[in-house]
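# Predicted coordinates and the sequence they were generated for:
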Amino acid sequence: MIKKIVLATTAFAFLGGAFVVSAPVQAGMMDGMKSSMSCRKLAKEHYPDDRAMRKAFREECKASGGTM
């Protein structure tokens, strides 16, 4: 009887530890911010100095529905 309890406790501790280790990582605070940014702001962030690339990026962003 005690042997079964010890084995069950050991198995539970081992499997419980595996689930804790493989728990999903929560998203950071800044992850959702980019999805709410406009194509213009995203283009400015990606290409701060190149106006032609910003325009091309913005047009591509708008063509994809604003989700890049």
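Cool, the structure landed.
# quick one: the helices in this structure?
Counting by DSSP state H, the chain has helices at residues 2-21, 33-36, 39-46, 51-63.
# Just give me the lowest mean pLDDT stretch among these.
With a mean of 59, helix 33-36 has the lowest mean pLDDT of the helices of the chain.
# From residue 4, how far off is residue 38?
Separation of residue 38 from residue 4 (Cβ to Cβ, to the nearest Å): 62 Å. The C-beta positions use only the backbone N, C-alpha and C, and glycine is treated the same way.
# For the two, indicate the residue with more neighbours.
residue 38 (12 against 8; other Cβ atoms under 10 Å).
# From residue 10, how far off is that one?
For residue 38, the distance to residue 10 - Cβ to Cβ - is 55 Å.
# Not counting sequence-adjacent ones, nearest residue to residue 55?
If the residues on either side of it in the chain are set aside, residue 55 comes closest to residue 43, at 7.6 Å by Cβ to Cβ, 6 or more residues apart in numbering.
# meant to ask about residue 37, not that
Going by Cβ to Cβ, 6+ apart, residue 37 has residue 45 as its nearest residue, at 7.6 Å.
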